[in-house]
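# The following block contains a protein sequence and its predicted model.
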Amino acid sequence: MKILLLHAPSKIKISRTDRCQVDTKDFTVGMRFPPINLMYLGAISKREGHETTIIDAPFEGVSERRCIEVLDQGFDYVVSNLSLQTLEDDLYILKQAKQRGVKTISFGYISTIDDTELIKRYPFIDYIIRGEPEITFEEILKGVPLEKIKGITAPNGNGIIRNDDREFNNDLDSLPFPSRDLIKNDIYRDPASGKPFTTIQASRGCNFKCTFCLSRMLNGEKIRYSSVDNVVNEIQSCITDFNISRFFFRGDTFTADKRWIMNLCREIIKRGLKITWYSNSRVNTIDREMAEAMKEAGCKVITYGIESGNDEILRYIKKDITKEQALKAISLTKEAGILTWTCYILGLPRDNEETIEETIRFSKEIDSDLLDYHRFLPFRGTEAYEQEQCKIEPSILNNMINKAYTGYYLRPRIMLRQINTFFLKADSISDFLGICRTGGMVMKRLIGRYINIKGRG
């Protein structure tokens, strides 16, 4: 069979990772993450012996017209990772596929939360996969009878069949390595060097209860890790087969298990792997020993979700951290020689102009090397969707975000520090040139925000 795995052409470029579905233009540094979910499905399709194609249209620059031309080449299945923000564009391509006699499959957040409504409204969707897609997708390809496939919703005559939820996969090592041979690796590059860059899915699931996050809905409340050997074998495969030595370790709570992290770092060092990598963390799941081990194993940047600088807001969204923990985590990370990148969400439930200003002031006190301010997105199905919402007008909130960015980055002290941290300490000429390109992009975005502020004035 011929299988097409697709991020459809869309007007905006969404980061479609499970818990962070953000327009990439809203990041300080517009990182392009490879479509790891499609790559896992691609590996499964190939393992089953099928001819498989992946198109990440927004980042590949594939137009709607070109995508339809690809459909005309003839496929048995088209599989799309639907995003709430790009839903109209995603559905249009699925409809075009169905008109060409192709079986259509959707998965992702909106498919999981809105499965029966999607089936009712859009008869061109043949199968919806809820939750983790890999095993369900494999059973569809194997021809397992529909009524026996867990985690699936589908039209059934004049009705809808909605089978039991599928249990989360506790054996992540059973998954094949994502099919990096099916994507254009050269378009996913480390912004600090311009060198090829990829994602390693090291773990899934989160045992914390942040009210705004999609993680537990899609990946469960139990943290499941790949084995250290499996992760390091995948790293070695990337180096040997694709000449990739820059990585983002994706995990909903990457540093939750100190023993696992320490073993991973030891194994990277033991095998002599000269890699550069980034990860996320929580401020209450890291300590000095862990940070120092991560640095020795090649960790360059750790991203922390601080979210708010107001203690009451942090309690209301069940972030389960304190401002004191945030300050301590940033301090020990810097002392270990790792760059810090913090993220804040403005317009959270119960936020008002005063609490947002408090968050902005706290972000300056935190003083991380990089930071992002994101506008809160209330995803249906999360607890935050039902909480008391921020009542600030969107235009006012956007202006506050623009002022926060320019007020942070366009300070002379911060600009001089960025020059020293990134430009003057580049490891090579190619890294320096990569940083110049990224720096130009960041400055262009900051100038755009500044102009927007002046335009409102």
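All right, it came through fine.
# Per the annotation, how does this structure divide into domains?
Taking automatic domain parsing as the domain assignment, the ranges for the chain are 2-162, 189-456.
# Now the shortest one: average pLDDT?
Spelled out, that is domain 2-162. Taken as a whole, domain 2-162 has a mean pLDDT of 92.
# Any idea how far apart the tips of it sit?
Across its full length, domain 2-162 reaches 26 Å end to end, with CA to CA, to the nearest Å as the criterion.
# Now tabulate the domains of the chain in TSV and tack on mean neighbour count.
Using the backbone N, CA and C atoms, a C-beta is placed for each residue, glycine as well. Listed next are the domains of the chain as TSV, based on neighbours: other CB atoms under 10 Å:
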stretch	mean neighbour count
domain 2-162	19
domain 189-456	18
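# Could you name the stretch from those domains that's closest to residue 182?
domain 2-162 (4.3 Å; CB to CB).
# follow-up on the earlier one: tabulate the domains of the chain (CSV), appending distance to residue 182.
As requested, the domains of the chain are arranged in CSV below (distance: least, CB to CB, whole Å):
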stretch, distance to residue 182
domain 2-162, 4
domain 189-456, 12
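# and of the ones you listed, who's closest to residue 172?
domain 189-456 (4.3 Å).
# I figured residue 308 hits residue 344, correct?
Yes - the pair residue 308 and residue 344 qualifies as a contact (CB atoms under 8 Å) at a distance of 6.9 Å.
# okay, and the common contacts of those two?
A shared contact of residue 308 and residue 344, defined by CB atoms under 8 Å, 6 or more residues apart in numbering, is any residue touching both; here these are residue 359.
# so what's the backbone phi/psi at the closest residue to residue 189 other than its chain neighbours?
With sequence-adjacent residues excluded and distances taken as CB to CB, 6 or more residues apart in numbering, residue 189 is closest to residue 197, at 5.4 Å. For residue 197, the backbone dihedrals are phi -150, psi 140 (criterion: degrees, to the nearest 10).
# Was I right to think residue 197 contacts residue 248?
Yes - applying CB under 8 Å as the test, residue 197 and residue 248 come out as touching, 7.1 Å apart.
# list the contacts for residue 307?
Counting by CB under 8 Å, 6+ apart, residue 307 has contacts 210, 313, 314, 317, 319, 343, 344, 345, 348.
# those strands in the stretch 301-450 of the chain, which residues are they?
339-346, 370-375 (DSSP state E, counting those that start in this stretch).
# Make TSV from those strands and add distance to residue 116 to it.
Written out in TSV, the entries for the strands of the stretch 301-450 of the chain read as follows (distance: least, CB to CB, whole Å):
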stretch	distance to residue 116
strand 339-346	30
strand 370-375	29
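# Which of those has the lowest mean pLDDT?
When the strands of the stretch 301-450 of the chain are ranked by mean pLDDT, strand 370-375 comes last with a mean of 92.
# centre of the chain versus it, how much separation?
Shown here is strand 370-375, whose average C-alpha point lies 14 Å from the average C-alpha point of the whole chain (CA atoms, centre = their mean, to the nearest Å).
# again with stretch 3-17
The offset between the C-alpha centroid of stretch 3-17 and the centroid of the whole chain comes to 13 Å, using CA atoms, centre = their mean.
# Next: stretch 342-361.
Using CA atoms, centre = their mean, we find the averaged C-alpha position of stretch 342-361 to lie 22 Å away from the chain's own average C-alpha position.
# Return that stretch as PDB; C-alpha atoms alone will do.
In PDB, the C-alpha atoms belonging to stretch 342-361 read as follows (Å, rounded to 0.1, in the frame of the first residue of the first chain):
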ATOM      1  CA  THR A 342      12.300  30.400  30.500                       C
ATOM      2  CA  CYS A 343       8.600  30.500  29.400                       C
ATOM      3  CA  TYR A 344       5.800  32.500  30.800                       C
ATOM      4  CA  ILE A 345       2.000  32.400  29.900                       C
ATOM      5  CA  LEU A 346       0.200  35.700  30.000                       C
ATOM      6  CA  GLY A 347      -3.600  35.800  30.300                       C
ATOM      7  CA  LEU A 348      -3.800  32.700  32.500                       C
ATOM      8  CA  PRO A 349      -7.000  32.000  34.400                       C
ATOM      9  CA  ARG A 350      -7.600  34.700  37.000                       C
ATOM     10  CA  ASP A 351      -4.800  36.800  35.400                       C
ATOM     11  CA  ASN A 352      -5.300  40.600  35.300                       C
ATOM     12  CA  GLU A 353      -3.100  43.500  34.300                       C
ATOM     13  CA  GLU A 354      -1.600  43.700  37.800                       C
ATOM     14  CA  THR A 355      -0.600  39.900  38.000                       C
ATOM     15  CA  ILE A 356       0.700  40.000  34.400                       C
ATOM     16  CA  GLU A 357       2.900  43.000  35.300                       C
ATOM     17  CA  GLU A 358       4.100  41.000  38.300                       C
ATOM     18  CA  THR A 359       5.000  38.100  36.000                       C
ATOM     19  CA  ILE A 360       6.900  40.400  33.700                       C
ATOM     20  CA  ARG A 361       8.900  41.900  36.600                       C
END
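# can you tell me which of the domains of the chain comes nearest to residue 177?
Each of the domains of the chain was checked against residue 177 via CB to CB, and the shortest separation belongs to domain 189-456, namely 5.2 Å.
# Would you mind finding the longest helix in the protein?
Looking only at the chain and at elements set by DSSP state H, the helix with the highest residue count is helix 429-456.
# so where do the helices sit in the stretch 151-300 of the chain?
The residue ranges that make up the helices of the stretch 151-300 of the chain, judged by DSSP state H, counting those that start in this stretch, are 215-219, 228-242, 258-270, 288-296.
# quick one, what contacts the nearest residue to residue 422 once chain neighbours are set aside?
By the measure of CB to CB, 6+ apart, the closest residue to residue 422 outside its immediate chain neighbours is residue 435, 5.0 Å from it. Listed by CB under 8 Å, 6+ apart, the contact partners of residue 435 are 192, 193, 422, 423, 426.
# just checking, the third one touches residue 439?
Yes - proximity of residue 422 to residue 439 meets the contact threshold set by CB under 8 Å, at 7.0 Å.
# Now tabulate the helices of the stretch 151-300 of the chain in CSV and tack on distance to residue 91.
Formatted as CSV, the entries for those read as follows, by distance: least, CB to CB, whole Å:
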stretch, distance to residue 91
helix 215-219, 20
helix 228-242, 33
helix 258-270, 40
helix 288-296, 42
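# Make CSV from these and add mean pLDDT to it.
What follows is those, written out as CSV (pLDDT from 0 to 100):
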stretch, mean pLDDT
helix 215-219, 86
helix 228-242, 97
helix 258-270, 98
helix 288-296, 97
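# Which of those sits closest to residue 33?
For the helices of the stretch 151-300 of the chain, the distance to residue 33 is smallest for helix 228-242, at 14.5 Å, taking CB to CB.
# Against which helices or strands is that closest one packed?
The elements that helix 228-242 packs onto, with contact taken as 3 or more CB pairs under 8 Å, 6 or more residues apart in numbering; DSSP states H and E, are strand 198-201, helix 258-270.
# try 10 Å this time
Using 3 or more CB pairs under 10 Å, 6 or more residues apart in numbering; DSSP states H and E as the contact test, the elements touching helix 228-242 are strand 198-201, strand 246-250, helix 258-270.
# Good, we can wrap up now.
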